[in-house]
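Novice: Sharing a model that was predicted from the sequence below.
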Amino acid sequence: MKLQVQPNAWSCFPTAFAIIADVPIQQVFKTLGTDGSNIVFPELPAPINRRGFGVNEVIGFMVAMHWSVTPLGLAYEQCSRDYPNSMYTYRLSMPFIRGLMDEYDGVITGHLPSGYGHAVAWNHEERLAYNPRGSVEDLISSTLEMDIFYLCSRLTK
């Protein structure tokens, strides 16, 4: 796994996946047809005023690159289609997620102490997070509070 530095403040998510797929982030931008810089929320401060990147488009890129991506949220909600007001929140245990992180590379998303979202690439063999801000770090010392682990697995043709 090779560290790549995100080219701007709103591209940590696709950059983390570019690290996993071992392709330049510019290839992701070219394939998606955007660098995410369009201002779509002019009333908000930078960088959260930008278009950024949707989960589905980035996963679509990974599938085109022959990768399977499985998002595993630490908590998710479910309701009955017949009773839309009936909501239940499921919580996955951290040991369950850590067990998968011991076996698979992936992308971890979450929130920094500032409240902003962030994404890093996870290398299961080295047990290190490749931070698109320009560092490789131990996840335990990271300030990222994990929300979702995107388990990535290389597909065979």
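Specialist: On my side now, so go ahead. Numbering: from 1, shown residues only.

Novice: show me what contacts the residue nearest to residue 48 when sequence neighbours are not counted?
Specialist: Distances taken as Cβ to Cβ, 6 or more residues apart in numbering put residue 41 closest to residue 48, at 7.0 Å, once the chain neighbours are dropped. (Each C-beta comes from the backbone N, C-alpha and C, glycine too.) Residues near residue 41 by Cβ atoms under 8 Å, 6 or more residues apart in numbering: 48-50.

Novice: which stretches of the chain form strands?
Specialist: Secondary structure of the chain, counting by DSSP state E: strands at 67-73, 75-79, 87-91, 105-111, 117-123, 128-131, 135-137, 145-154.

Novice: what's the closest of those to residue 19?
Specialist: With respect to residue 19, and counting by Cβ to Cβ, the nearest of those is strand 117-123 at 3.9 Å.

Novice: That closest one to strand 145-154, inter-axis angle?
Specialist: 40 degrees (axes from the mean of the first three to the mean of the last three Cα atoms, to 10 degrees).

Novice: and strand 117-123, what other elements does it pack with?
Specialist: If you count contacts as 3 or more Cβ pairs under 8 Å, 6 or more residues apart in numbering; DSSP states H and E, strand 117-123 packs onto helix 12-21, strand 105-111, strand 128-131.

Novice: Direction included, what does it pair against?
Specialist: Strand 117-123 sits in its sheet next to strand 105-111 (antiparallel), strand 128-131 (antiparallel), going by DSSP bridges.

Novice: okay if I get these as JSON lines plus distance to residue 5, mean pLDDT and mean neighbour count?
Specialist: Below are the strands paired with strand 117-123 laid out as JSON lines (distance: least, Cβ to Cβ, whole Å; pLDDT from 0 to 100; neighbours: other Cβ atoms under 10 Å):
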{"stretch": "strand 105-111", "distance to residue 5": "16", "mean pLDDT": "95", "mean neighbour count": "21"}
{"stretch": "strand 128-131", "distance to residue 5": "9", "mean pLDDT": "96", "mean neighbour count": "22"}
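
Novice: Is it possible to get TSV of these that adds distance to residue 149?
Specialist: Shown next, in TSV, are the strands paired with strand 117-123 (distance: least, Cβ to Cβ, whole Å):
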stretch	distance to residue 149
strand 105-111	5
strand 128-131	11
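
Novice: pLDDT weak spots in the protein?
Specialist: Across the chain, residues meeting the criterion (pLDDT under 70) sit at 76-77, 84, 88, 90, 140-141, 157.

Novice: now the end-to-end length of stretch 68-85.
Specialist: Stretch 68-85 has an end-to-end distance of 33 Å (Cα to Cα, to the nearest Å).
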